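Student: Structure for the following, please:
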Amino acid sequence: MWARDRAAASAKRAGGSGPEGSIGKLLWTVAMRQISDLSSQLLGPLLTADTGEWGTFAWNQHVLGAPGYRIAGGSDEILKNIIAERVLGLPADIRVDKNRPFNSVPTGTR
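Tutor: Modelled structure (predicted):
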């Protein structure tokens with residue numbers, strides 16, 4: 001709740017979302033994965049069998065879609081970099097291509 005309030009205040013102040021949103025998204029993807037795992041364990045084969053029983057087949061869509069949540073809106077790895085650099089103040093990764101035109105970046109094949 002504190003992180004959500006901080007993200008809302010930052011967005012209001014800066015006119016857009018800040019790095020705090022990355023924390024929320026990471027927590028959300030972890031929760032979605034845990035919900036998928038739990039629903040798979042509880043429902044077992046009913047998860048994929050469309051028997052018409054209420055609440056069974058709908059979980060199939062969630063379980064199949066949950067891995068994509070890690071990519072949508074930025075991959076988890078990129079979000080972790082944003083948190084490390086902008087929230088924790090850690091140094092950025094070394095980039096040999098920074099401030100260089102793309103066609104002059106070594107490709108390793110020369």
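
Student: surely residue 48 meets residue 60?
Tutor: Yes: the pair residue 48 and residue 60 qualifies as a contact (C-beta atoms under 8 Å) at a distance of 5.3 Å. (C-beta placed from N, C-alpha, C; glycine too.)

Student: Show me which of the two is the more surrounded one.
Tutor: Taking other C-beta atoms under 10 Å, residue 48 and residue 60 do not tie; residue 60 has more neighbours (17 against 14).

Student: which stretch of helix or strand covers the more buried one?
Tutor: helix 57-69 (DSSP states H and E).

Student: buried set for that helix?
Tutor: Within helix 57-69, the residues scored as buried using 16 or more other C-beta atoms under 10 Å are 57, 59-60, 63, 66, 69.

Student: Kindly indicate which of those lies nearest residue 27.
Tutor: residue 69 (11.6 Å; C-beta to C-beta).

Student: rewinding a little: could you dump the buried residues of helix 57-69 into CSV and include distance to residue 18 and pLDDT?
Tutor: Converted to CSV, the buried residues of helix 57-69 look like this (distance: C-beta to C-beta, whole Å; pLDDT from 0 to 100):
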residue, distance to residue 18, pLDDT
57, 39, 69
59, 34, 80
60, 36, 80
63, 32, 85
66, 26, 84
69, 21, 82
